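*Asks:* how does the following fold in three dimensions:
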Amino acid sequence: MQVLNPNDVKIYNLTHGRTIPDWLSERKKRLLLKTDVSMRKRIQLIQEFEMPISSQRIALTPDKTHIYATGVYPPRLRCFDTSQLSMKFERGMDSEVVAFHILSEDWKKLVLLQSERYIEMHTQDGIYYRTRIPTFGRDIAYYSRTAELYIGATGSQVFRLNLCKGTFMKPIDTLTTGVNVTKIHPQHSLLFLGTETGTVECWDPRSRTRCATLSVPSAPQITALQTSNILDLAVGTEDGKVHLYDIRSPQVMLTKDHHYGQPINTIFYHPEGRVMSACKRSFKIWDGQTGEAFTAIESEEDICHVAWHEGTGMFFFAKEAQKMGTFYIPAVGPAPKWCSFLDSITEELEESTENVVYDDYKFVTSEELESLGLSHLSGTSYLRAYMHGYFIHMKLYREARDIVQPFAFSEYKEKRVKEKLAVPDRIEKRALPKINKNLAAKDLHKGGTLMGDDRFGSLFTDSNFQVDEESEQFKLINPTVRKLTDQQKSGFEEVSAVGGESEEEEEEEEVVKPSRGKRAMQMKLVSCENESKIFAVNTSSVSLPLGSRIGAATAETAAEPEETPRQPRRDKSGGDDGRERRQLGRSAAPFLKKQRGKFWRGRKVG
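*Replies:* Presented below is the predicted three-dimensional model:
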């Protein structure tokens, strides 16, 4: 689910998300739902709420329990049950549906206007009757009081079909060359006809006479009409504008421009005084008095038609896409009764925007498939034919691309490096001054507050302000720097004093402690003469330890008698020492037993 927030008004796109291809098996679909988190979090308000290619018209029944939608390809009609949140039935058509109207309060009766000049009446059992009109129809309107169907078509006539008698009545002759929109006011029953010449004709169905003609300024064609209350009339034009009228006056009360230049296809009046209008690119809600924008929905696919669940904030979009759009705007109204759970879960299921259709599959043309060397896979399960190309799995596509173009990534990387190098360096490089260079470097690292302040400019230009880091005053102020300097100096003094000391001082061991946090190491400093004697020993003494060799060499130098080598310890379990210990243990056993008896009363010693 996608959450939009235009003009601080939250809009929930309930059909946003990845689309699972139809050709996947049920097992793969279930596996995808288990492994993909985004697929599990998506909301399917109504199952199979889509068309094979695109949808054209959509409408709700008067009792708001069912949704009708038409689409292609092939042409079909689908009915969705809101109580079951699923599709109720589907019917195929011989030609595309231009417009349809629901005749009953429920879903059982409707009439469809098709592109091949046919009119079909449907009942719950299927097609009830089919007839043909003289010219191509564009829109239909139903007058329930006389059971007459008004059909706007090309030409100057509006056809009348009486559904009670089953015959065509005398048509209405207009002053135009074609009628695009027909609308009957639900209260005073006036018939409004939007023409292709930019006029709106008002007719009285009872007397079949023209009441008035409204000329819309600078309007090439009228594409949408909507009425409200008794006197309000909204007119949508081909150039993307909505004009609001009072039917008592020919003057425009307000004009709202969508700024897309696309024909207006749907208009609604909200009870709170707002007007909702849709063109191919956007659906906008704005104030009917001032024209101030309330919120808007912009679609990547063309919007063909919009249906509003009156009294709620639910909108259904018929679009040039496989999925039909479902949008919920809490600021317009509450959720419908059949999906009241939306009020509690919309805030918890917010996700980021994703603009994807099939994440795991890529569409390639026949030429691209041949360049990848995969044309022999045509007709296999690895490719899915679609329109003028194929759907191929992304993993297979990437492997084939890497084989055909092994150096594509390196070439892309070199190209990006060249582009980066071609861009001039926008980082300002400042040279360090000769005076107080270290201080200037530290200041630039912290942001350059001192060098950027004019009050401290002479600190880096005047030699009188030079900081002598070798002076005692500087070392007292900065003890850390002094301590490090002393350590460095003492280290060099130790290295230089190795060859100048006496033989007795050379024998002493000096310990050099490393910095804190490291394991201490001890280094023994010996003179060069002793070192030469150590390594000049014959081969028989090579096996001795290094300590013995050093002791032997120093003994010869000092002319002292050699120490008696230490006798190796015998094993505890053997030898004379071990035998004596065992005998001593046997003689002391009675004494120890007596002592145990004094302290451990009544306990036997085994």
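
*Asks:* my guess is Ser375 contacts Glu367. True?
*Replies:* No: applying Cβ atoms under 8 Å, one finds Ser375 not in contact with Glu367, separated by 9.8 Å. For glycine as for every other residue, the C-beta is placed from the backbone atoms N, C-alpha and C.

*Asks:* out of the two, which sits in the busier spot?
*Replies:* In this view Ser375 and Glu367 are compared by other Cβ atoms under 10 Å, and Ser375 has more residues nearby, 13 against 10.

*Asks:* stretch 332-348: how far from the chain's middle?
*Replies:* In terms of Cα atoms, centre = their mean, to the nearest Å, the centre of stretch 332-348 is set 23 Å apart from its chain centre.

*Asks:* which positions within that stretch qualify as buried?
*Replies:* 332-333, 335-336, 338-339, 342, 346 (16 or more other Cβ atoms under 10 Å).

*Asks:* biggest separation within these, which pair?
*Replies:* Spatial extent of these (Cβ to Cβ) is set by the pair Val332 and Trp338 at 17.3 Å.

*Asks:* name the SS class of Phe474, please.
*Replies:* When the structure is split into helix, strand and coil by DSSP: H, G, I helix; E, B strand; the rest coil, Phe474 lands in helix.

*Asks:* so how far is Asn436 from it?
*Replies:* Look at Phe474 and Asn436: by Cβ to Cβ, to the nearest Å, they are 12 Å apart.

*Asks:* now for those two: what residues contact both?
*Replies:* Residues touching both Phe474 and Asn436 (Cβ atoms under 8 Å, 6 or more residues apart in numbering): Val467.

*Asks:* those two: which has the busier surroundings?
*Replies:* Comparing Phe474 with Asn436 by other Cβ under 10 Å, the one with more neighbours is Asn436, at 20 against 13.

*Asks:* so how far is Lys319 from that one?
*Replies:* Between Asn436 and Lys319 the computed distance is 69 Å (Cβ to Cβ).

*Asks:* cool, and Glu201?
*Replies:* When Glu201 is compared with Lys319 (using Cβ to Cβ), they lie 31 Å apart.

*Asks:* ok, those two, which is more surrounded?
*Replies:* Set side by side, Glu201 and Lys319 show more neighbours around Lys319, with 24 against 21, by other Cβ under 10 Å.

*Asks:* how close does the more buried one sit to Ala69?
*Replies:* With distances taken as Cβ to Cβ, Lys319 is found 11 Å from Ala69.

*Asks:* what do these two both touch?
*Replies:* Overlap between the neighbourhoods of Lys319 and Ala69 consists of Ser55, taking contacts as Cβ under 8 Å, 6+ apart.

*Asks:* show me what contacts the residue lying closest to Asp204 once chain neighbours are set aside?
*Replies:* Spatial nearest neighbour of Asp204, chain neighbours left out: Cys211 (5.6 Å); criterion: Cβ to Cβ, 6 or more residues apart in numbering. By Cβ under 8 Å, 6+ apart, the contact set of Cys211 is 190, 202-204.

*Asks:* swap in Ile403?
*Replies:* Taking Cβ under 8 Å, 6+ apart as the criterion, Ile403 is in contact with Gly373.

*Asks:* possible to save the buried residues of stretch 332-348 as CSV with secondary structure and pLDDT?
*Replies:* Formatted as CSV, the entries for those read as follows, by DSSP: H, G, I helix; E, B strand; the rest coil; pLDDT from 0 to 100:
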residue, secondary structure, pLDDT
Val332, coil, 88
Gly333, coil, 86
Ala335, coil, 86
Pro336, coil, 87
Trp338, helix, 84
Cys339, helix, 83
Leu342, helix, 80
Thr346, coil, 64
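
*Asks:* for the helix or strand Glu201 falls within, C-alpha coordinates in PDB please.
*Replies:* Secondary structure here is read from DSSP states H and E; on that basis Glu201 sits in strand 199-204. As requested, C-alpha coordinates have been extracted for strand 199-204 and formatted as PDB (Å, rounded to 0.1, in the frame of the first residue of the first chain):
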ATOM      1  CA  THR A 199     -22.400  24.000 -26.600                       C
ATOM      2  CA  VAL A 200     -24.700  22.500 -24.000                       C
ATOM      3  CA  GLU A 201     -28.400  22.000 -25.000                       C
ATOM      4  CA  CYS A 202     -31.100  21.700 -22.400                       C
ATOM      5  CA  TRP A 203     -34.300  19.700 -23.400                       C
ATOM      6  CA  ASP A 204     -37.500  18.900 -21.600                       C
END
